[in-house]
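Trainee: Just need the structure, nothing else, for what follows:
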Amino acid sequence: MHLDKAKKRIAKQVKKGFKGYPAIELEYFGSNKELATEVVIRFTMEEGDACQEQRFNAKNDVREDETIQSVLVKIMERADAKSVTEVAGVTLL
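Mentor: Residues are numbered from 1 along each chain as shown. Alright, predicted model coming up:
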């Protein structure tokens, strides 16, 4: 999947807002606000359940990494997520 297509699909799901469970949350981390070198994807099946977490790292910006963005889309599809949320900006490590 092309980077632009993956980013658009993620943004479209995030824009819908919270629609129930299963839910996925994305959070980007980095050493500064301009460079996200890690992304954490959290999956929650039902309200009150513990979330499952998976991390992806890159030397460059993970938001511009085609492979990582495509994997995030595949995870959302396979989880049949009704809600996808994203923590705004880059959380500093």
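Trainee: Quick check, Ala81 in contact with Lys16.
Mentor: No: in this structure Ala81 lies outside contact range of Lys16 using CB atoms under 8 Å: 10.3 Å. Just so you know, the C-beta spots here come from the backbone N, C-alpha and C atoms, and that holds for glycine as well.
Trainee: The two - which one has more neighbours?
Mentor: Ala81 (21 against 11; other CB atoms under 10 Å).
Trainee: The more buried one falls within a helix, correct?
Mentor: No: the assignment for Ala81 by DSSP: H, G, I helix; E, B strand; the rest coil gives coil, which leaves it out of any helix.
Trainee: need the contact list for it.
Mentor: Applying CB atoms under 8 Å, 6 or more residues apart in numbering, we find Ala81 in contact with Gln13, Pro22, Ala23, Ile24, Phe43.
Trainee: ditto for Ala58
Mentor: Thr37, Glu38, Asp65, Ile68.
Trainee: so how far is Ile75 from it?
Mentor: 16 Å (CB to CB, to the nearest Å).
Trainee: what do you get for Gly20?
Mentor: 18 Å.
Trainee: ok, the two, which is more surrounded?
Mentor: The neighbour comparison of Gly20 against Ile75 (other CB under 10 Å) goes to Ile75, with 16 against 10.
Trainee: Tell me where the chain has helices.
Mentor: Remark: helices assigned in the chain by DSSP state H are 3-16, 66-79.
Trainee: Any idea which of the ones you listed gets closest to Phe29?
Mentor: When the helices of the chain are compared by CB to CB, helix 66-79 sits nearest Phe29, at 12.9 Å.
Trainee: Not counting its own residues, what contacts stretch 24-31?
Mentor: 10, 14, 36-44, 51, 61-63, 72, 75-76, 79, 81, 83-87, 89-93.
Trainee: Check what pLDDT Leu35 gets.
Mentor: pLDDT for Leu35: 96.
Trainee: ok, it - contacts?
Mentor: Asn60, Asp61, Val90.
Trainee: possible to save those as a markdown table with distance to Tyr28, neighbour count and pLDDT?
Mentor: Listed next are those as a markdown table, based on distance: CB to CB, whole Å; neighbours: other CB atoms under 10 Å; pLDDT from 0 to 100:
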| residue | distance to Tyr28 | neighbour count | pLDDT |
| --- | --- | --- | --- |
| Asn60 | 13 | 10 | 96 |
| Asp61 | 9 | 16 | 97 |
| Val90 | 5 | 22 | 97 |
